[in-house]
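Chemist: coordinates only, no sequence provided:
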């Protein structure tokens, strides 16, 4: 069933992009409403997962552009992500990893929408450049450029955070 | 190359995607620049942390909402109309009337039933007529009593006062 197969994937994309659990639930619902309306237009033979991710990405970007002034804060990392994190076995390494993820989670909000989406798809969702280009509808070179800019910005945010915690 | 240019190359350098010449330039710069070397460390840590981002469970409530969206909608307006709660009493009454009508119309002894109904009806009419006739005679009797009473009252002399 479509809901069982794809709801978690769509929800996580919406959550990583919006940063709000409640909003991600509403966005996922909207995306599935769109999906069931546009399903008759799906051409069999196409990669369904990529087609659905494109639909989800378009909706997320549209919603972001429509209401971006309201999207100032993300949920705290601890609210849902920390409980879902899988332990590595080494408590100290896990603690450091969680701290980095906490900084990056908040840092995602400082990336422009297109760059944020590219970073989420490539770095968090683990898509290839080719898949990310197909989903976002831009050339592969543009995707690489966006992903690299996003990674560099997040690395700077991580460095800032490290420097400020070292100063304390 | 300055730090700004090296920083731009760091993501590709971390991926191992730089041409030999650029890679050599970056490595030479990193040996002397602590800031860029520190950024490379942060970049690698950031990549690792992003790749290990946990997948969050959307919750059972959302699943139920999504399943309800996916449920097939009734195709015909007629069936939607039949399901309306406000129409249920009317539909129930129509069903009962339909059952009664079918019991009557499809009954093989319908003619006998009709005859018995007609007989019962006329018997009833006859009884009503009899009652009506009886009622007429009663009113006649009462009328004659009333006339007699009126005549006797009229003919009676008023009482005279006894003289002292």
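Modeler: Alright, I've got the coordinates. No experiment lies behind these values; they were computed from the predicted model shown. Numbers count the residues shown, from 1 in each chain, chains lettered A, B, ... in the order given.
Chemist: from the contact counts, what lies against the helix or strand of chain B with the lowest mean pLDDT?
Modeler: None of the helices or strands of chain B scores lower by mean pLDDT, DSSP states H and E than helix B:77-82, at a mean of 72. Secondary-structure packing of helix B:77-82 (3 or more CB pairs under 8 Å, 6 or more residues apart in numbering or on different chains; DSSP states H and E): no helix or strand packs against it. Every residue, glycine included, has its C-beta placed from N, CA and C.
Chemist: how many neighbours does residue 136 have?
Modeler: No chain specified, so I'll use chain A. A count of neighbours around residue A:136, defined by other CB atoms under 10 Å in any protein chain shown, yields 22.
Chemist: my question was about chain B, not that one.
Modeler: 9.
Chemist: hang on, the earlier thing: could you point out which element follows the least confident helix or strand of chain B?
Modeler: helix B:88-105 (DSSP states H and E).
Chemist: what's the single longest helix in chain A?
Modeler: Determined from DSSP state H, the single longest helix within chain A is helix A:140-167.
Chemist: oops, could you answer that again for chain B instead?
Modeler: Under DSSP H, chain B gives helix B:110-155 as its longest helix.
Chemist: quick one: it to helix B:88-105, angle?
Modeler: 100 degrees (axes from the mean of the first three to the mean of the last three CA atoms, to 10 degrees).
Chemist: can you name every helix or strand that helix B:110-155 contacts?
Modeler: Judged by 3+ CB pairs under 8 Å, 6+ apart, helix B:110-155 is in contact with no other helix or strand.
Chemist: show me how far it is from its chain's centre.
Modeler: 56 Å (CA atoms, centre = their mean, to the nearest Å).
Chemist: ignoring the adjacent residues along the chain, who's closest to residue A:116?
Modeler: By the measure of CB to CB, 6 or more residues apart in numbering or on different chains, the closest residue to residue A:116 outside its immediate chain neighbours is residue A:108, 5.7 Å from it.
Chemist: just the pLDDT for the one you found.
Modeler: Listed pLDDT for residue A:108 reads 93.
Chemist: okay, now the domains of chain B?
Modeler: B:3-51, B:76-106, B:114-154 (automatic domain parsing).
Chemist: give me the distance from stretch A:116-123 to the chain's centre.
Modeler: For stretch A:116-123, the distance to the chain centre is 6 Å (CA atoms, centre = their mean).
Chemist: which residues sit against that stretch?
Modeler: Here stretch A:116-123 makes contact (CB atoms under 8 Å, 6 or more residues apart in numbering or on different chains) with A:13, A:16-17, A:53, A:57, A:60-61, A:108, A:111, A:127-129, A:131-132, A:135-136, A:143, A:146-147, A:150-151, A:154, B:47, B:50-51.
Chemist: and the average pLDDT for the helix or strand containing residue A:52 is what?
Modeler: Using DSSP H and E, residue A:52 maps to helix A:48-67. The pLDDT scores in helix A:48-67 average 91.
Chemist: residues of it that come out buried?
Modeler: Residues of helix A:48-67 classed as buried by neighbour count (16 or more other CB atoms under 10 Å in any protein chain shown): A:51-53, A:55-57, A:59-61, A:63-64.
Chemist: can you list contacts of stretch A:30-44?
Modeler: A:2-3, A:7, A:10, A:14, A:48, A:51-52, A:55-56, A:59, A:63, B:66, B:69-70.
Chemist: out of those residues, what pair is the most spread apart?
Modeler: A:48 and A:63 (22.4 Å; CB to CB).
Chemist: sorry, back to before: is the helix holding residue A:52 in proximity to chain B?
Modeler: No: Helix A:48-67 stays clear of chain B (CB under 8 Å from any CB of the partner chain), getting no nearer than 12.8 Å.
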